[in-house]
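In: What shape does this take:
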Amino acid sequence: MECWKQGCKNKVKVCCQCVDPARYSCRVHIYEHTQDDSIEEHRLKPLKLKINQKNKEALVEELQKLSKELVDIKENLIKEAYRKIQELEFSLIEALERIEKIRLNQVDLISKIHSIKKIPKINQNPFEKLLSLDPDSARKMLNEFGCSFNCPNFGFNKKDRIDTVENNEIVFFGTKTKSAFRVNLNDFSKSEKKVDILQSIILNPIFISMCLLPDKSIFCYGNFPPSETAFILYPNSTIKQLSDWDPSSGMGAVYHDGFIFLFGGFDDFGVCNKAAKYELSTDKWYHLKNNLLHGFGILRNFATLSQILIVLRLLRSFN
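Out: Presented below is the predicted three-dimensional model:
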């Protein structure tokens with residue numbers, strides 16, 4: 001290959017600026033041809049140059065090699081694509097087979113479930129069964145066990161409290177009839193028919209909360225006005241009305257070392273900022289002035305852990 005500069009015998013280097021691959025130049029004249037020519041003239045110059053037969057043959061040979069390489073690349077790409085398609089087909093077939101197995105297993109499982117007869121639980125807890133029933137069915141169940149009580153309008157609804165007091169014992173507070181009764185599940189059988197009707201409670205119990213005391217008695221208190229009252233329900237179903245109920249709307253209670261701590265009363269702005277303690281031995285209330293609950297907002301219930309943490313903080317602040 002010769003330099004485009006006629007008479008130049010320097011070593012030829014392909015011009016990186018030329019579009020035409022037939023444009024060759026040496027290091028000395030590699031940029032010279034672009035100084036005075038326009039881009040179009042520069043691109044057309046290689047076409048005007050005389051290409052000898054030797055260069056033409058070399059170019060044809062190079063083009064043939066490139067064409068063969070392109071054919072080989074095309075064939076390899078086709079083979080690789082076909083192989084990938086086959087792999088995807090096999091994977092799809094395996095996935096469909098697995099889906100069909102899962103479907104058959106589901107059908108078999110459903111048929112087994114339908115074939116199994118409903119077996120009643122052995123020694124089923126009546127409390128669980130009672131809570132799963134609607135109000136009419138629950139009342140019917142209690143009547144079947146001889147648990148008729150003088151509360152014909154007693155109704156279970158979302159506001160009624162049904163609390164576990166201790167092992168296998170529950171207490172019902174009816175919000176509609178302002179009445180309550182205790183059920184001992186250990187004696188909840190056709191032979192014993194044990195249901196204690198609690199004496200009349202002056203509550204108007206819009207909502208009742210409880211706190212179990214060490215002697216198995218229950219501290220009960222109303223949360224919202226006009227149920228501003230508190231009492232202790234003893235195991236023998238007697239009731240002791242507590243004096244000077246404060247705060248009027250406690251949201252949680254916990255027993256500790258002879259005291260019942262109550263917290264979460266609301267002020268006129270709905271802020272949860274009251275706390276008090278009741279001493280069981282002296283029947284006295286103490287208002288806790290250290291305002292630990294200010295800014296809590298309207299809290300409907302405290303979790304057990306939250307109650308414990310607040311009580312510990314109260315004890316620390318008054319010791």
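In: From now on I want contacts and neighbour counts done on CA atoms only, so please keep to that.
Out: OK.
In: Which neighbouring elements make contact with the longest helix along the chain?
Out: The single longest helix within the chain, with elements called by DSSP state H, is helix 53-115. Contact analysis of helix 53-115 by 3 or more Cα pairs under 8 Å, 6 or more residues apart in numbering; DSSP states H and E lists no helix or strand as a packing neighbour.
In: what about it, average pLDDT?
Out: Regarding helix 53-115, the rounded mean pLDDT is 84.
In: Same check on stretch 258-276?
Out: On average, stretch 258-276 scores 67.
In: swap in stretch 234-251?
Out: Averaged across stretch 234-251, the pLDDT comes to 68.
In: show me what contacts the nearest residue to Ser281 once chain neighbours are set aside?
Out: The shortest distance from Ser281 to any non-neighbouring residue, by Cα to Cα, 6 or more residues apart in numbering, is to Gly258 (7.2 Å). Contact analysis of Gly258 by Cα atoms under 8 Å, 6 or more residues apart in numbering lists 279-281.
In: which one of those is nearest Phe263?
Out: Glu279 (14.7 Å; Cα to Cα).
In: Counting neighbours, what do you get for the nearest residue to the closest one once chain neighbours are set aside?
Out: Of all residues not flanking Glu279 in the chain, Phe259 sits nearest, at 4.7 Å (Cα to Cα, 6+ apart). When counting by other Cα atoms under 10 Å, one arrives at 18 neighbours for Phe259.
In: what's the answer for Tyr221, then?
Out: Residues near Tyr221, counting by other Cα under 10 Å: 28.
In: so it bridges to which residues?
Out: In this entry, Tyr221 is beta-bridged to Ser209, Ala230, by DSSP bridges.
In: Can you give me the distance of it to Gln86?
Out: Separation of Tyr221 from Gln86 (Cα to Cα, to the nearest Å) stands at 75 Å.
In: Report the residue ranges of every domain in the protein.
Out: 12-51, 54-88, 126-198, 210-319 (automatic domain parsing).
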